[in-house]
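Peer 1: below is the sequence, then the predicted model.
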Amino acid sequence: MLSYAVRRLLGAIPTVFVIITISFFMMRLAPGGPFNLERPLPANILRNLNAVYNLDKPLLMQFFIYLQNLVHGNFGPSMVYRDLSVAEIIGSGLPVSIQFGGAALLLALVVGACFGSYAALKQNSMSDYSVMIVAMVGITIPNFVMAPLMQLVFGVELDWLPVGGWGEGALANKVMPVIALALPQVAVVARLTRGSLIEVLRANHVRTARAKGLPERIVLWRHSLRAALLPVVSYLGPAAAALLTGSVVVETIFGVPGVGRFFVQGALNRDYTLVMGTVVLIASFIVLFNLLVDLAYGFLDPKVRYD
Amino acid sequence: MTNIRKAFLPVLGGVLAGAMLFTSVAQAEVVFHRGNTGEPETLDPHRTSTTYEAHILHDLLEGLVVQSAEGIVVGGAADRWEISEDGKSYTFHIRENAKWSNGEPVTAGDFEYSLRRILTPETAAKYANILYPIANAEQVNTGDVLPTELGVEAVDDDTLRITLNVATPFFLELLTHQTGLPVYPPAVEEFGDDFVKPENLVTNGAFKLEEVVPQAQIKAVRNEFYWDNGNVQLDTVYYYPTEDRAAALRRFQAGELHVNNDVPQDQVRWMRDNLEGQFKASPRLGTYYYALDTRDPAMSDPKVRQALSMAIDREYIVEEITGAGQVPAYSFVPPGTNNYGEPAIADYATQSMLDREERAIALLAEAGFGADNPLTIEIRYNTSENHKQVALAIADMWKPLGVEVTLLNTDVATHYAYLRDGGEFQVARAGWIGDYNDAQNFLFMVESDNEGFNYAKYDNPEYDALMDEAAATIDLEKRADILRQAETLFMRDLPFVPIYHYANLELVSDKIEGWEQNLQGRHLARYVKIKE
């Protein structure tokens, strides 16, 4: 299994390289540049800026300079946030995003799987319907509606939690953003779990297990739930990559210092180096999580073998 | 107290820290929470370009001169200065007790170093051109002469002489911009670009930098060495990048913010009714306008431009669309601008909309447009709900003239890149917030050689001559007259059609004192007091 993982990771290098190349040139096709914002800069000033950031060199040369730096692990300076290098931006925001995304993911998985299984076991009962209606609502109400609503209720009206801000990283400041981030995922996980569990509960091996007289507890835990989690796990790969690299909506509303906001700002500001850093990071995350998902299959599904 | 807190923080853990932040356990520590609407791009005063940075930098660093709470130029690091009779030479005397946050005295040499640094090409300062009135500044900035040739000289430790190219009556105003702030030379020499990090930054303002958490908060604390420290009430200031205006309003309601620099525009009515005077709107030094491309066959006719301007019901726009204290604009220079007096107001400002519409139809007919030959116009704007509403309303107002309007929106970078690179258009939205409080800072935009800002490609030698004459005039009243003549031409030819003057929209808690309204919306924390 280790050699499988190593092979997969090595195979990802060309993929990431192609992504970097395409992104680098596509970004330059977008009109405007990092210094071309609402207040136009005089030609002298623009010339100085372009010289400092190598933007006065031919595009191909810039690409090679970028690749050369990248090989040395240097993402370059941010062209807009001039006190910070891209590595510093990612270094300060990513741990926060991973913490928030990780907590939200865990919450989504545990709560979602519980609700989903409960609904599946009580299929077509009132409890099933109510869980699924709540889940449907959770999927359809977007973050930018739910988050302000939570702020108003729990922050302004009830005064239980701070409305926003980082507050030196206090726990109270993290509760609402994590829940807001997790809610839509809880709903998706619940629906996925319910659907696949219902299917598995009707499968031949479950009927056999029951016919053997195994207690319902073992039928459910050992023979059904494991198989039922397969689609959930495949969903979790990309979901994790998305959650752990930050959410611009939740970060902006609650003032969480994650990387999501920098990434979106980077694209809007045409902060070339920051956008490239983002691309490399997200591409690596997706490669990594897809690998983790495939490895998890091996534990959940005895039919999967790595050789 | 601060030290005890610091020692205990890791032990007590994050939860308590949060509780302390909001309940302010430390006795008598006065903490000010300021919503600052955006993430600063840098805290290097020489690389700065946004107002978010200005708000922080003016608390950390102090220039030769500063603005009072009301926005008037008063002494800063220099307590007095003399201006030569020809207006070209300024001699500043550094305040005797001006000190850096490490206790070292502030010297004229520090300012000489700083002004040279901002103009050095390698610094790549976005706002370097604001200092071009200084002798040789432009040549230094383009790399043609060495920084030592700059017209700034430290005569001795306490005396700084600045020589200008031409008399610049607004030069003191210019120096209140954040680009006029000093850096501490030994720190820049030792740490290079990292001199702005909290552990390295040495400041000479009322506060010093304690902590930066990107996208979350910046914390500044009292600078004990500040010369006017005795009159500063605040011990700690937090700046939050409250990009989401609606979320900032909720934080304000919950008492987490004392002030916020901006408000959610769509909740103006609610704030007026429910915040008991804590929502403040005041005139701002800025104008929202439509540029008309004079190269376009139809737009090249001044009659067409006049007709389009006349038919815009600005009162409707500020009351029904923006609705938060913006002022209808019938001149390009905002009312109340320094060294100017009454702007050159368009004659139709006081006419009824019906009369104006009639006049506009007649003008368009003279230009050859009417029901049988309708004028078609495309309005370009950068994507935003407000800009769209304004464009739709104006399209409606132009309809009775037989004008058919289509809209085209692109994101802000694309929009301005297109205008800047000289792309052709008919009508394009833009806005301008003055960098310094002087009419010249508005009227210079349509000088024919202003590549960056003259989107309309307006080219009128008479106008250019007036602007040159104003630049060479020292007598402020005479200069104001000349500038007003230039604006009269502007309002006749209308390369830009002014629509409204911006407003400063702020949330200010009723616990706050010393937050005076001023045109540039500049509020130094040293003037702020918190009542309890």
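Peer 2: In hand now; what should we look at? Residues are numbered from 1 along each chain as shown, chains lettered A, B, ... in the order given.
Peer 1: where does the stretch 201-307 of chain A dip in pLDDT?
Peer 2: Counting by pLDDT under 70, the ranges of the stretch 201-307 of chain A that qualify are A:306-307.
Peer 1: within range of chain B, give me the residues from it.
Peer 2: Residues of the stretch 201-307 of chain A lying close to chain B by CB under 8 Å from any CB of the partner chain are A:251-258, A:261-262, A:265, A:268-270. All C-beta atoms are positioned from the backbone trio N, CA, C, and that covers glycine.
Peer 1: what number of residues lie near the closest residue to chain B within chain A?
Peer 2: Among the residues of chain A, A:Ala170 lies closest to chain B, at 2.4 Å counting by CB to the nearest CB. A:Ala170 has 21 neighbours, counted by other CB atoms under 10 Å in any protein chain shown.
Peer 1: also A:Phe17?
Peer 2: With neighbours defined by other CB under 10 Å, the count for A:Phe17 comes to 13.
Peer 1: so which strand or helix has it?
Peer 2: Of the helices and strands defined by DSSP states H and E, A:Phe17 is found in helix A:2-29.
Peer 1: in that helix, what's buried?
Peer 2: Buried residues in helix A:2-29, counting neighbours by 16 or more other CB atoms under 10 Å in any protein chain shown, are found at A:8, A:12, A:19-20, A:23-24, A:27.
Peer 1: next secondary structure after it?
Peer 2: Toward the C-terminal end, the helix or strand that comes next after helix A:2-29 (DSSP H and E) is helix A:43-52.
Peer 1: chain center to that next one: distance?
Peer 2: Taking CA atoms, centre = their mean, to the nearest Å, the mean C-alpha location of helix A:43-52 is offset from the chain mean by 37 Å.
Peer 1: which helices and strands does that helix pack with?
Peer 2: Helix A:43-52 is packed against helix B:137-141, with contacts defined by 3 or more CB pairs under 8 Å, 6 or more residues apart in numbering or on different chains; DSSP states H and E.
Peer 1: so is the helix it packs on next to chain A?
Peer 2: Yes: for helix B:137-141, a contact with chain A is found by CB under 8 Å from any CB, at B:138, B:141.
Peer 1: beyond that helix, next helix or strand please.
Peer 2: Where DSSP H and E defines the elements, the next helix or strand beyond helix B:137-141 is strand B:152-156.
Peer 1: tell me the strands beside that next one, with direction?
Peer 2: For strand B:152-156, sheet partners with direction are given as strand B:159-163 (antiparallel), following DSSP bridges.
Peer 1: how far does the strand it pairs with sit from its chain's centre?
Peer 2: How far strand B:159-163 lies from its chain's middle: 26 Å, per CA atoms, centre = their mean.
Peer 1: buried ones in that strand, by neighbour count?
Peer 2: B:159-162.
Peer 1: out of those, who's nearest chain A?
Peer 2: Taking CB to the nearest CB as the measure, chain A lies nearest B:Ile162 of these, at 20.4 Å.
Peer 1: in the sheet, who's paired with that closest one?
Peer 2: B:Tyr90, B:Val152.
Peer 1: which pLDDT does the model give it?
Peer 2: At B:Ile162 the predicted local confidence, pLDDT, stands at 97.
Peer 1: these two touch, right, it and B:Ser89?
Peer 2: Yes: using CB atoms under 8 Å, B:Ile162 is in contact with B:Ser89, at 7.4 Å.
Peer 1: rewinding a little: of the residues of the stretch 201-307 of chain A next to chain B, which belong to helices?
Peer 2: Restricting those to those inside helices, with DSSP state H as the criterion, leaves A:251-254, A:261-262, A:265, A:268-269.
Peer 1: residues in contact with residue 192?
Peer 2: You didn't pick a chain, so chain A it is. A:Leu192 makes contacts with A:112, A:116, A:231-232, A:235, as judged by CB atoms under 8 Å, 6 or more residues apart in numbering or on different chains.
Peer 1: hang on, the earlier thing: from the buried residues of strand B:159-163, which two are the most distant?
Peer 2: B:Thr159 and B:Ile162 (11.0 Å; CB to CB).
Peer 1: which neighbours do those two share?
Peer 2: When contacts are counted by CB under 8 Å, 6+ apart, B:Thr159 and B:Ile162 have B:Phe92 as shared neighbours.
Peer 1: just to revisit the earlier point, and the helix holding A:Phe17, what does it pack onto?
Peer 2: Helices and strands in packing contact with helix A:2-29 are listed as helix A:59-71, helix A:272-300; criterion 3+ CB pairs under 8 Å, 6+ apart.
Peer 1: mind putting those helices into CSV with distance to B:Asn437 and mean neighbour count?
Peer 2: Output for these, formatted as CSV (distance: least, CB to CB, whole Å; neighbours: other CB atoms under 10 Å in any protein chain shown):
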stretch, distance to B:Asn437, mean neighbour count
helix A:59-71, 41, 13
helix A:272-300, 34, 19
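Peer 1: okay if I get the contacts of A:Leu192 as TSV plus secondary structure and neighbour count?
Peer 2: Below are these laid out as TSV (DSSP: H, G, I helix; E, B strand; the rest coil; neighbours: other CB atoms under 10 Å in any protein chain shown):
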residue	secondary structure	neighbour count
A:Gly112	helix	24
A:Gly116	helix	30
A:Pro231	helix	14
A:Val232	helix	24
A:Tyr235	helix	15
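Peer 1: closest one of these to A:Gly33?
Peer 2: For these, the minimum distance to A:Gly33 (CB to CB) is 38.2 Å, reached by A:Tyr235.
Peer 1: thanks a lot, catch you later.
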